[in-house]
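Participant: Here's my sequence, what's the structure:
(chains A, B, C and D)
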Protein chains: 2
Amino acid sequence: MAAAARGKHTPVKITDVAAEAGVAPMTVSRVINTPDRVSPATTAKVRAAIEKLGYVPNLIAGGLSSRRSRMVAAIVPTIAHPMFAGLVQSFTDAMRDAGYQVMLALSGYGNDGDEALVRTLLGRRPDAMLITGAEYTPMAWQLLQEAGIPIIEVWERTARPIDMLIGFDHAELGARVAEFFLAKGHDRFVAFTAVDSRAQARTRGFADAARKAGATVLRTRVVPAPSTIMSGRESLREILPELTGRTALFCSSDQLAFGVMTEARMQGLAVPDLLAVCGFGNFELSAASEPPFTTVNVEGVTTGRMAAEMLLRRLAGEPPRDTDIVEVPYRIVERAST
Amino acid sequence: MAAAARGKHTPVKITDVAAEAGVAPMTVSRVINTPDRVSPATTAKVRAAIEKLGYVPNLIAGGLSSRRSRMVAAIVPTIAHPMFAGLVQSFTDAMRDAGYQVMLALSGYGNDGDEALVRTLLGRRPDAMLITGAEYTPMAWQLLQEAGIPIIEVWERTARPIDMLIGFDHAELGARVAEFFLAKGHDRFVAFTAVDSRAQARTRGFADAARKAGATVLRTRVVPAPSTIMSGRESLREILPELTGRTALFCSSDQLAFGVMTEARMQGLAVPDLLAVCGFGNFELSAASEPPFTTVNVEGVTTGRMAAEMLLRRLAGEPPRDTDIVEVPYRIVERAST
DNA sequence: GTGAAAGCGCTAACAG
DNA sequence: CTGTTAGCGCTTTCAC
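Facilitator: Predicted structure coming up:
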């Protein structure tokens, strides 16, 4: 072993194992990939040879030959957000269990459909792909389409899905939050929103629905990226002078909402009497806040698992179905802040 | 385009482009990989052909041939933790900029050196590897050693590094926290710790140092996984009866510490007079808490960036150096809770 | 600056 | 159940 360690890369290949075991390379391949088609005696010999030589099959070569890389690419904006962290985690776990490695690409907000990114990923010939729904350049869309692999878009219900999709309409979600507040008799609305396009879609839906119902939208504050607890606190301080009556506030993330809750407590603002707050995400922060605040639950972990299941089904050879476009259910989790 | 879309995988290959451009395949390869060695005229022809056919080079084939996959593997326990999320994010960004894709493997706590995981990853012939330092099985250690690729371990200073390392001694960090409290005159100590081995190492270092200095360690509470804000709150409630004097508390994560701070406020406990609190991580939560609490800053993002730099240096052909084993500086960030 | 030949290490397909 | 023959699509190497 120490001697072999000097050679770059493990030099042991399938022919070495075959020679050692006194069989053909193909038999070694079968022992590894389809063990049930090899006699127990041969299997034992080959396994011993593999063990002895420390053979690690070259999946690159296997992939080239079989035209299946056993890799899937995943594009998400970031993993610094619990929603995407949970999504990636559950997706990766599920794919790993099925024998697939995940190539993770972090696009940053707004570059999910970036052609260069899609190109390099596709160059690796992934067997499938997960993409955080976004606007694609026409070329990127075409590349994905022509790749001929199952693709699942998540989070956002796009107008023209490439293939499969699991997501929801962000503007519609915002509208639901507005309705929730309207039902409670609110007629003064404020929103704090991160700069990313989906957050802004939620806010737009929220404000539009409020206006449509005849309510006043006092303010829609766009928080500079990254939106943090601190920016929630700052935002509340900034609009404090305008907070003269019973007001409903929708924050595009639980981080912001948590900051608002903290600042409200420090300022002695009555929640929910003067200020009612709703976040987005249903992260631990929302329930652990004191008092806990109302938020919208979106299932990151479930989405990742479902996305994996849908892709694996296709990879197993099943044809497209009606259920390939799935609406992720979200729900408003009501707590003490509203 | 629509016609081609039916064929599985993009069927366009380098020979197609070569034929279209009227050159040899090798010339196409050069246009892509070493453009400066091709005449402008030829380059233009080839680029046009690539564009026209929508050619996406097969990096799998290229990797097999060149024996460089341009992929790096990264093993971390989870990305649901800001520390590792930041690490992975910065590492991925830096590697992407250098033309490398990251294969992410989430090991869960305690399986970082799992042989099966290492094997499948190595099978993909990554050009380099990042591992969250851990105990390896002898076989896994040997496999990594023999892989002949640059490997960097992060977070934990291991006794016998495989290759490069960037990390710190967790027990020593715990001892520093104890010293910090001792210097403030504390002589009653409590620790809340997550189940993972590194968290426990920190707690052990903390408790040992406290005892060595003659202080009393009232309690070392191990919090069931996952350690959350809520478990911090519960933990504090549980030890409340024992909190009869001025006490120093070290939490193995900012999550736990935040829960403690929240619960302390609810219970009307005087912080830091009755209970002094120190967290770990210096995440947003620690600064955004009201009052903000003392914590230990560890640079996840910096570590990821440095790890990438160190690996890239080796990949560029530079030989090992003395500085391949790096101590990550950490520091206690003092705030209102101590 | 460009091309031709010869693999990289594995597996599909077909024998036997 | 096992072996043989051909590649997979690219790049290395060596000519020219």
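
Participant: now the helices for the stretch 201-338 of chain A?
Facilitator: With DSSP state H, counting those that start in this stretch as the criterion, the stretch 201-338 of chain A has helices at A:229-239, A:254-267, A:284-288, A:300-315.

Participant: Would you tell me which one of those helices is buried the most?
Facilitator: helix A:254-267 (a mean of 24; mean count of other Cβ atoms under 10 Å in any protein chain shown). Yep, even glycine has a C-beta here, placed from its N, CA and C like the rest.

Participant: which residue ranges form the strands in chain A?
Facilitator: Here chain A has its strands, by DSSP state E, at A:71-76, A:101-106, A:128-132, A:151-156, A:164-168, A:188-193, A:216-222, A:247-251, A:275-278, A:295-297, A:325-327, A:331-333.

Participant: Looking at the ones you listed, which is nearest to chain B?
Facilitator: Closest to chain B of the strands of chain A is strand A:101-106 (Cβ to the nearest Cβ; 4.4 Å).

Participant: Show me what the closest one packs onto, helices and strands only.
Facilitator: strand A:71-76, helix A:82-97, helix A:115-123, helix B:82-97, strand B:101-106 (3 or more Cβ pairs under 8 Å, 6 or more residues apart in numbering or on different chains; DSSP states H and E).

Participant: Counting by contacts, list what the second one packs against.
Facilitator: So the one you mean is helix A:82-97. In terms of contacts (3+ Cβ pairs under 8 Å, 6+ apart), helix A:82-97 is packed against strand A:71-76, strand A:101-106, helix A:300-315, strand B:101-106.

Participant: helices and strands of chain A: which one bottoms out on pLDDT?
Facilitator: helix A:138-147 (a mean of 88; mean pLDDT, DSSP states H and E).

Participant: what about that one and DNA strand D, touching?
Facilitator: No. Figure legend: helix A:138-147 not in contact with DNA strand D (Cβ under 7 Å from any atom of the strand); closest approach 13.1 Å.

Participant: could I get the helices and strands packed on strand A:101-106 as CSV with mean neighbour count?
Facilitator: Output for the helices and strands packed on strand A:101-106, formatted as CSV (neighbours: other Cβ atoms under 10 Å in any protein chain shown):
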stretch, mean neighbour count
strand A:71-76, 25
helix A:82-97, 22
helix A:115-123, 19
helix B:82-97, 22
strand B:101-106, 22
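
Participant: of these, which approaches B:Glu179 most closely?
Facilitator: helix B:82-97 (22.8 Å; Cβ to Cβ).

Participant: what does the closest one contact?
Facilitator: A:78-80, A:85, A:104-106, B:72, B:74, B:76-79, B:101-102, B:104, B:130, B:132, B:154, B:281, B:283-284, B:298, B:300-305, B:307-309, B:311-312 (Cβ atoms under 8 Å, 6 or more residues apart in numbering or on different chains).

Participant: still on that earlier bit, give me whichever of the strands of chain A is most buried.
Facilitator: Of all the strands of chain A, strand A:247-251 carries the top mean neighbour count, a mean of 30, counting by mean count of other Cβ under 10 Å.

Participant: where does the stretch 51-200 of chain A dip in pLDDT?
Facilitator: A:111-113 (pLDDT under 70).

Participant: Nearest to DNA strand D within it, name that residue for me.
Facilitator: A:Ser65 (3.4 Å; Cβ to the nearest atom of the strand).

Participant: Burial check on that residue, number of neighbours?
Facilitator: Counted with other Cβ atoms under 10 Å in any protein chain shown, the neighbours of A:Ser65 add up to 11.

Participant: any idea how far it lies from B:Ala73?
Facilitator: Per Cβ to Cβ, to the nearest Å, A:Ser65 is found 22 Å from B:Ala73.

Participant: next one: A:Pro161
Facilitator: Counting by Cβ to Cβ, the gap from A:Pro161 to B:Ala73 is 32 Å.

Participant: mind giving me CSV with the strands of chain A and columns for distance to DNA strand C?
Facilitator: Formatted as CSV, the strands of chain A follow (distance: least, Cβ to the nearest atom of the strand, whole Å):
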stretch, distance to DNA strand C
strand A:71-76, 14
strand A:101-106, 15
strand A:128-132, 17
strand A:151-156, 23
strand A:164-168, 25
strand A:188-193, 50
strand A:216-222, 51
strand A:247-251, 51
strand A:275-278, 52
strand A:295-297, 43
strand A:325-327, 31
strand A:331-333, 45
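
Participant: Do stretch A:43-56 and chain B come into contact?
Facilitator: Yes. Among the residues of stretch A:43-56, A:Gly54, A:Val56 lie within reach of chain B under Cβ under 8 Å from any Cβ of the partner chain.

Participant: Show me how far that stretch is from its chain's centre.
Facilitator: With Cα atoms, centre = their mean, to the nearest Å as the basis, stretch A:43-56 stands 39 Å off its chain's centre.

Participant: now stretch A:275-288
Facilitator: Relative to its parent chain, stretch A:275-288 has a centroid offset of 20 Å by Cα atoms, centre = their mean.

Participant: can you tell me how far the residue located most distally from the centre of chain A sits from DNA strand C?
Facilitator: What lies farthest from the middle of chain A is A:Gly22; by Cα atoms, centre = their mean that is 48.0 Å. A:Gly22 is 16 Å from DNA strand C, where distance means Cβ to the nearest atom of the strand, to the nearest Å.

Participant: Tell me the buried residues in stretch A:169-177?
Facilitator: A:Asp169, A:His170, A:Ala171, A:Leu173, A:Gly174, A:Ala175, A:Arg176, A:Val177 (16 or more other Cβ atoms under 10 Å in any protein chain shown).

Participant: just checking, the last one touches A:Asp208?
Facilitator: So that's A:Val177. No. With contact defined as Cβ atoms under 8 Å, A:Val177 does not reach A:Asp208; the gap is 11.7 Å.

Participant: How about A:Asp273, nearest residue that isn't a chain neighbour?
Facilitator: Of all residues beyond its chain neighbours, the one nearest A:Asp273 is A:Arg246 (6.9 Å), with distances taken as Cβ to Cβ, 6 or more residues apart in numbering or on different chains.

Participant: where's that neighbour relative to A:Thr216, distance?
Facilitator: Taking Cβ to Cβ, one finds A:Arg246 at 11 Å from A:Thr216.

Participant: same deal with A:Arg119?
Facilitator: Distance from A:Arg119 to A:Thr216, by Cβ to Cβ: 48 Å.

Participant: just A:Ala308 next, same as before
Facilitator: 45 Å.

Participant: likewise A:Pro25?
Facilitator: Distance of A:Pro25 to A:Thr216, given as Cβ to Cβ: 76 Å.

Participant: repeat for A:Arg265
Facilitator: From A:Arg265 to A:Thr216 the distance is 26 Å (Cβ to Cβ).

Participant: Also A:Ile149?
Facilitator: 49 Å.

Participant: Find the nearest non-adjacent residue to A:Thr137, please.
Facilitator: A:Glu115 (4.9 Å).

Participant: Any idea how many residues pack against A:Gly185?
Facilitator: The burial count for A:Gly185: 8, using other Cβ under 10 Å.

Participant: roughly how far apart are it and A:Gly245?
Facilitator: In terms of Cβ to Cβ, A:Gly185 sits 12 Å off from A:Gly245.

Participant: hang on, the earlier thing: switch the helices and strands packed on helix A:82-97 over to TSV, and while doing so, append distance to B:Met139 to every line.
Facilitator: Listed next are the helices and strands packed on helix A:82-97 as TSV, based on distance: least, Cβ to Cβ, whole Å:
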stretch	distance to B:Met139
strand A:71-76	24
strand A:101-106	20
helix A:300-315	29
strand B:101-106	17
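
Participant: can you tell me the residue of the stretch 201-338 of chain A closest to DNA strand D?
Facilitator: For the stretch 201-338 of chain A, Cβ to the nearest atom of the strand, closest residue to DNA strand D: A:Leu315, 18.6 Å.
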